Structure formats: C-alpha cells, structure tokens
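*Asks:* quick one: sequence plus predicted model below, questions after.
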Amino acid sequence: MKGMRLPQVLSVNVSAGGIPKRGVDRVAVTPAGLDGDAHDHDKHNTPLQAVSLIDVEDLEDLCREGFPLEPGSTGENVTVRGLDVDRLDVGDRLRLSGGVELELTKRRKPCYVLDAIDPELKTVIVGRCGFYARVLTPGTLTPGETIEVEPARAEPAPTAP
C-alpha cells in the first residue's frame, strides 16, 4: 500500500432539513445519523440510511456539465475524495480514521428535491449519486479523516462433513 493515498473525507454536511447541507468542522455520529442533521421526508429517517456519501469527483464532473454544485448541495452528509463510492457494493464497510465505522446499505437514487438546483440534474446524476450507510461504530467525524474499505464478506464456503 506504500505510495497509495487513502480516500479522504473532504466535507461533513448537515442541515435542519432539505438541501443544501452545510459543512461543519466536526459532528457526533450515532446509529440515527449525524447530530444536528434532519430530513424533510420520513422515508430517509431510518438507521439504514443514517449517513449518505458522494464523491467530490462526481460533483466536480457535474459542475463541468453546468450544474452549480458544491459539497452538501445534493444532500449528502459526507463528501469524499478518492473513494469512488459508486463502484462499491452493499455490505462494504468504511473505517474512518477517527473511529467511526459505516456499512453501505443502499445506492442513493436522485430525488425531485434536486429540481431546486436544476430539473435536469436528477436525470444526469443517475449512477453517480453515492450511497447510504448505517453506523456500525458511533463516534466523531471530521473533515480530513482517511477511509479504509473492507469489502463485503462473502458467505463462507460450506465445509465437507
């Protein structure tokens, strides 16, 4: 792993509900999600969607395509760099250097709330919208933390009798 740079938390974002979410310097992460973060839609109030993540590289690509985006603007809690979230799988675990551990539970799908940014956004963001995760190990999360990925555990092979 020498010479390889670990993925990193670029921004940690919360809001009282809706978008955009704004960056904070540090936040407590509980099984219910990030302290001070709320959702406008009850469908998001589940421990299986406690934290949402997106790659800043996707936001940068979308900016080049003409959409005015920055960390938190699509409603994600954690904006990451170098992770390539959309290539990960349900069940993959993310270990953050500050101690928080997450498990990816569901791919994010674009929602009509993105219409407030641009009605075309929810169409072009498909496939690069990030992931939801549940909290396995609570703690404090800050920008700059590194991320290690543990791939989903495969079912153990049956043993011969």
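*Replies:* Received the coordinates, thanks. Numbering: from 1, shown residues only.
*Asks:* my guess is L69 meets L59, correct?
*Replies:* Yes. Taking contacts as C-beta atoms under 8 Å, L69 lies within contact range of L59: 4.7 Å. In short, each C-beta sits where N, CA and C put it, glycine included.
*Asks:* what's the burial count for P110?
*Replies:* Neighbour count of P110, defined by other C-beta atoms under 10 Å: 17.
*Asks:* separation between it and E145?
*Replies:* Distance, P110 to E145, using C-beta to C-beta, to the nearest Å: 27 Å.
*Asks:* mind listing what's buried in the longest helix seen in the chain?
*Replies:* Counting residues, the longest helix found in the chain (DSSP state H) is helix 56-64. Neighbour counts over helix 56-64 (16 or more other C-beta atoms under 10 Å) mark 56-59, 62 as buried.
*Asks:* ok, the residues you listed vs G127, which is closest?
*Replies:* D58 (9.2 Å; C-beta to C-beta).
*Asks:* how about that closest one, nearest residue that isn't a chain neighbour?
*Replies:* Distance criterion C-beta to C-beta, 6 or more residues apart in numbering; nearest residue to D58, sequence neighbours excluded, is R128 at 4.1 Å.
*Asks:* in this structure the one you found contacts R87, no?
*Replies:* No. Taking C-beta under 8 Å as the definition, R128 is not a contact partner of R87, at 10.3 Å.
*Asks:* those two - which one has more neighbours?
*Replies:* Comparing R128 with R87 by neighbour count (other C-beta under 10 Å), the higher total belongs to R128, at 19 against 8.
*Asks:* which residues does the more buried one contact?
*Replies:* Counting by C-beta atoms under 8 Å, 6 or more residues apart in numbering, R128 touches 54-55, 58, 61-62, 86.
*Asks:* just say helix, strand or coil for T123.
*Replies:* helix (DSSP: H, G, I helix; E, B strand; the rest coil).
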